[in-house]
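Output the structure for:
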Amino acid sequence: MAKFLAIHTLLNPVTLEEATVLGKKAKAKTTVDAYWVKSWAQLNNHRKIVRIFCEWNAKDIDAIRGVIAQMPEFPLDGIYPMATVDSEEFSGHVFMRKKILRILFYSRQIICGRKKNSILNTDRLIYV
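Modelled structure (predicted):
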């Protein structure tokens, strides 16, 4: 499933308790084709929520629109394709480990990206 970001600008700022009602309603309406993962809230100076950014895993944008359409009281600015980037992916050892883990192990040997003729035997890889 692809990842999407739905942005909601609220007409009136709300408390976390008030927003929880919308969150429970959204969670109850998720489907196999559109699943709400988590959200981030933008707060004003009074610590009330003014905008909500929701991460969704979904088949497509229309699947998310179908869920949100069931909540007309929840305004929708838009839904956008997204990707997540973890800052740890940019540290050397973690980056290399993740790169190695992304290799598909269909065979016992794989071709390395830098030298076309070099072979890396997967039996000798050590994961930390």
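
Contacts made by stretch 73-89 with the rest, please.
2-11, 22, 25-26, 55-56, 61, 64-65, 68, 94-95, 98 (C-beta atoms under 8 Å, 6 or more residues apart in numbering). Every residue, glycine included, has its C-beta placed from N, CA and C.

Any of the residues you listed buried? List them.
When the contacts of stretch 73-89 are checked for burial by 16 or more other C-beta atoms under 10 Å, the buried set is 4-6, 8, 10, 22, 26, 55-56, 61, 64, 68.

can you list the domain ranges for this structure.
Residue ranges for each domain of the chain read 2-81, 87-124, as given by automatic domain parsing.

Comparing these by mean pLDDT, which bottoms out?
Ranked by mean pLDDT, the domains of the chain bottom out at domain 87-124, which scores a mean of 49.

Who does residue 55 form a beta bridge with?
According to DSSP bridges, the residues that bridge with residue 55 are residue 5, residue 38.

Sort out which residues of the longest helix along the chain are buried, please.
Among all segments of the chain classified by DSSP state H, the helix with the greatest residue count is helix 16-29. Within helix 16-29, the residues that qualify as buried by neighbour count (16+ other C-beta under 10 Å) are 19, 22-23, 26.

Turn the buried ones among the contacts of stretch 73-89 into TSV, including distance to residue 42.
Formatted as TSV, the entries for these read as follows, by distance: C-beta to C-beta, whole Å:
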residue	distance to residue 42
4	18
5	13
6	14
8	10
10	10
22	15
26	17
55	15
56	18
61	22
64	20
68	18
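
Thanks a lot, see you next time.
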